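> what follows is a predicted protein model with its sequence.
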Amino acid sequence: MIVAFENQTARAAKAATSELPVVFVHVTDPVADGLVNSLSRPGGNLTGFAGLGDVPAKRLELFKELVPRLRRVLVLIELQDPVTRRVREEVERAGAALKLRLVEREVSYEAAIEGVFRSLKQGEVDGVFVASPNLYSKFSSLILRLASERRLPLVSHWKGWVEQGALLSYSGNLRSVGGDAARYVDKILKGAKPADLPVQELSRFELVINLKTAKALGLTIPQSILIRADEVIQ
């Protein structure tokens, strides 16, 4: 069997086999992405765990709350990523509601990302938002480093980026799903069919803030926000 982490890998596993059972973890919307027929009845050879909900919009809302000076946001997108269109639409709606100007830049390889950050003029953007899961998977270290070098706050899709210097993340508790995925693997190895195991949604979301990064950027995080955080990295 195959255990596939995140959207790109899950799509590759689906394309590679219609026979081997696949358990996916950390995908966004498996129905919209064509991985399963429905959440309750996956059909086929794939099942797993997904983080659904209006998370990109909420992430941008929290970003604005933590960075009061936020007016212009650099949004990195990869058009080849099937998830981009859906996330982009959510972010655009949220940006309009928050009166933010979104500065979109299409990138798909390392030199393009470096070129975008290198071309930014002083004060052109106030923060960075990544809208394509493929970019999370392939260029995490690069984006973190470039945002830090340009002293730009970065909102992230999971806690691991905040531990490495991003300002905040808001996402499902991705680490906790490991035990659940292991139980699905066990059931399948004992004879259960993926088609009969419903896709589970991540129901608990967590806010993580890096206070050290905030101080380095000259940001003062209000106590009212800190007490809402599930974890504050000092």
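Perfect, thanks for sending it.
> contacts for the lengthiest helix in the chain, please.
Across the chain, the longest stretch assigned as helix under DSSP state H is helix 133-149. Outside helix 133-149, the residues that touch it by CB atoms under 8 Å, 6 or more residues apart in numbering are 6-9, 28, 76-78, 80-81, 83, 87, 107-108, 110, 113-114, 117, 128, 130, 153-154, 157-158, 161, 164-166. C-beta: built from backbone N, CA, C; applies to glycine.
> kindly recompute the last result at 7 Å.
If you take CB atoms under 7 Å, 6 or more residues apart in numbering as the criterion, helix 133-149 is touched by 6-8, 28, 76, 78, 81, 83, 110, 113-114, 117, 128, 130, 154, 157, 161, 164-166.
> next, the buried residues of it.
For helix 133-149, a neighbour-count test (16 or more other CB atoms under 10 Å) marks P133, N134, L135, Y136, K138, F139, S140, I143, L144, L146, A147, S148 as buried.
> could those residues be laid out in CSV, adding pLDDT?
Shown next, in CSV, are the buried residues of helix 133-149 (pLDDT from 0 to 100):
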residue, pLDDT
P133, 88
N134, 89
L135, 94
Y136, 88
K138, 91
F139, 96
S140, 94
I143, 98
L144, 97
L146, 98
A147, 97
S148, 96
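> if we can go back for a sec, sort out for me which of the contacts of helix 133-149 are in helices.
Judged by DSSP H, the contacts of helix 133-149 include E6, N7, Q8, E110, I113, E114, F117, W161 as members of helices.
> helices along the chain, start to end?
So, for the chain - with DSSP H - the helices run 6-16, 55-66, 84-97, 110-119, 133-149, 159-163, 177-189, 211-216, 223-226.
> need those in a markdown table (columns: distance to L39).
Listed next are the helices of the chain as a markdown table, based on distance: least, CB to CB, whole Å:
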| stretch | distance to L39 |
| --- | --- |
| helix 6-16 | 14 |
| helix 55-66 | 16 |
| helix 84-97 | 16 |
| helix 110-119 | 34 |
| helix 133-149 | 19 |
| helix 159-163 | 25 |
| helix 177-189 | 14 |
| helix 211-216 | 36 |
| helix 223-226 | 33 |
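> and N37, which of the ones you listed is closest to it?
For N37, the closest of these is helix 6-16, at 12.3 Å, according to CB to CB.
> and the angle from the closest one to helix 133-149?
Counting by axes from the mean of the first three to the mean of the last three CA atoms, to 10 degrees, helix 6-16 lies at 150 degrees to helix 133-149.
> which helices and strands sit right next to helix 6-16?
Contacts defined by 3 or more CB pairs under 7 Å, 6 or more residues apart in numbering; DSSP states H and E place helix 6-16 against strand 2-5, strand 22-27, helix 133-149.
> could you dump the longest one to CSV, C-alpha only?
By that I understand helix 133-149. What follows is helix 133-149, C-alpha atoms only, in CSV (Å, rounded to 0.1, in the frame of the first residue of the first chain):
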residue,chain,number,x,y,z
PRO,A,133,0.2,23.7,-1.9
ASN,A,134,2.8,22.6,-4.4
LEU,A,135,4.9,25.6,-3.4
TYR,A,136,4.6,24.6,0.3
SER,A,137,6.0,21.2,-0.6
LYS,A,138,8.8,22.2,-2.9
PHE,A,139,10.1,25.5,-1.7
SER,A,140,9.5,25.9,2.0
SER,A,141,13.1,26.6,3.1
LEU,A,142,13.6,29.0,0.2
ILE,A,143,10.4,31.0,0.8
LEU,A,144,11.1,31.2,4.6
ARG,A,145,14.6,32.4,4.0
LEU,A,146,13.7,35.1,1.4
ALA,A,147,10.8,36.4,3.5
SER,A,148,13.2,36.7,6.5
GLU,A,149,15.9,38.4,4.4
